[in-house]
Structure formats: structure tokens, C-alpha cells
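S.K.: A predicted structure for the sequence below; I have some questions about it.
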Amino acid sequence: MIWVEALAALLVGVALTALVVSPLVSSRPVVAEVDDEPEEFDQTPKGIALAALKEIEFDRATGKLSEDDYLFLKTKYSAQALAAIKAEEVPVPAGMGAAGVTADEEPADVESLIAARARAIRTAAASGVPTCPTCGPRPEADAIYCSDCSARLVAGSCGQCNAPMEAGSRFCERCGSRAAA
């Protein structure tokens, strides 16, 4: 009976040894682990360029950066940020450039994008959308204060004297005329 137990123990020992050693002597390639965690924003090319732009704005405001250096760095990091943003966009069909335009078209530059945003802000302000004097038009139609900077919102201007009117005002504070409904 003792021989049976010794034989069983020996078989279990051999099986465990084979189980432990088999991955070490196996000729199968080891599969690398896939990292399912999303990349941190500040470690992406876009995040790095935007952080650099923010940093040079701060350095300029505190006087650590000359105007010439600021303009040089702003141009450099703006180009990097735009390239990273365009790289993140949806793939474009064959024959199209990286910006989604054909070779004979010019891609939109930063200045035209800024001009389009400024037009959108002016249009929203003229249409009576609550507008923050600092942040521009707000998405909250019934807000009295800006959700970003807490400034009092301006709803539009008076039809009589063109003075800015606060959101929710029924009468103009300057001329006293009734606000349009």
C-alpha cells in the first residue's frame, strides 16, 4: 500500500514539474500583453503641443519670454497642434490630402478658422443668445451667469439706444424703453 502512495506522489511530482517547465522549453512564441488603457491626453502629440502653447502663453504673460521668441514658438507649436488634430481626424479617401482637400486646393489656415469663429460669435450675439463679455455666446439659453467665468450674461442690445442688455431684462437700463419679447 505504501508503494502505491509513493508511486502516486511520484506521478504528481512529475506532472507538476512538467507543467512548470513546459512554458520555458516551449517553441511557441509568447504573446505580448495588449495594453487596453487609453493613452493619457497630455502624453499624446496633440496634448503635448497644446500644453506647450499654454506654457508659452503663460511665460509671455509673466514676462519670461520675449515677443520674438513667443512668435517663433507659437508658430512652431501651432503647426504641431494642427498636424496632430488633422492626424486624429477620420481617414480621407484616396486622392485626398491629409487635411481632406485635393492637391489643387489650399487647406484652411489658422487665421481663417479664427475669422470663422469670430463671425459665429458675432452672429450669436446679434441673435439674442445670452453672451458673456469674456467667453462669448453661451449654450445655456436661460442662464444669467456664465458657467465658465461667472460674469453676468448679456442677452442682446436695446433696439432704441443699442446699449447692452442683461439676460432677463424687460427694460433698457440706459433709455428705459421696453425690451423686445
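M.R.: Happy to help now that I have it. Numbers count the residues shown, from 1 in each chain.
S.K.: C-alpha from now on. contacts and neighbour counts both.
M.R.: OK.
S.K.: quick check: domain ranges of the chain?
M.R.: Listed domain ranges for the chain are 41-88, 129-181 (source: automatic domain parsing).
S.K.: for Val4, find the nearest of these.
M.R.: Closest of the domains of the chain to Val4 is domain 41-88, at 62.5 Å (criterion: CA to CA).
S.K.: still on that earlier bit, so can I have a markdown table of the domains of the chain showing distance to Leu113, mean neighbour count and mean pLDDT?
M.R.: Listed next are the domains of the chain as a markdown table, based on distance: least, CA to CA, whole Å; neighbours: other CA atoms under 10 Å; pLDDT from 0 to 100:
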| stretch | distance to Leu113 | mean neighbour count | mean pLDDT |
| --- | --- | --- | --- |
| domain 41-88 | 11 | 15 | 84 |
| domain 129-181 | 16 | 17 | 73 |
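S.K.: can I get those domains in a markdown table with distance to Val20?
M.R.: Shown next, in a markdown table, are the domains of the chain (distance: least, CA to CA, whole Å):
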| stretch | distance to Val20 |
| --- | --- |
| domain 41-88 | 39 |
| domain 129-181 | 60 |
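S.K.: do you know which of those domains lies nearest Ile2?
M.R.: domain 41-88 (64.7 Å).
S.K.: quick one: closest of the domains of the chain to Asp109.
M.R.: Nearest to Asp109 among these is domain 41-88; the distance by CA to CA comes to 9.4 Å.
S.K.: do you know how far Glu57 is from Leu71?
M.R.: 10 Å (CA to CA, to the nearest Å).
S.K.: kindly report the same for Cys132.
M.R.: 29 Å.
S.K.: one more: Gln80?
M.R.: Counting by CA to CA - Gln80 and Leu71 are separated by 14 Å.
S.K.: what do you get for Thr62?
M.R.: Distance from Thr62 to Leu71, by CA to CA: 15 Å.
S.K.: got it, and Arg174?
M.R.: 42 Å.
S.K.: repeat for Ser177
M.R.: Computed as CA to CA, the Ser177 to Leu71 distance reads 48 Å.
S.K.: next one: Met1
M.R.: 90 Å.
S.K.: try Cys158
M.R.: Taking CA to CA, one finds Cys158 at 40 Å from Leu71.
S.K.: kindly report the same for Val4.
M.R.: 86 Å.
S.K.: same check, this time on Ile2
M.R.: Ile2 is 88 Å from Leu71, by CA to CA.
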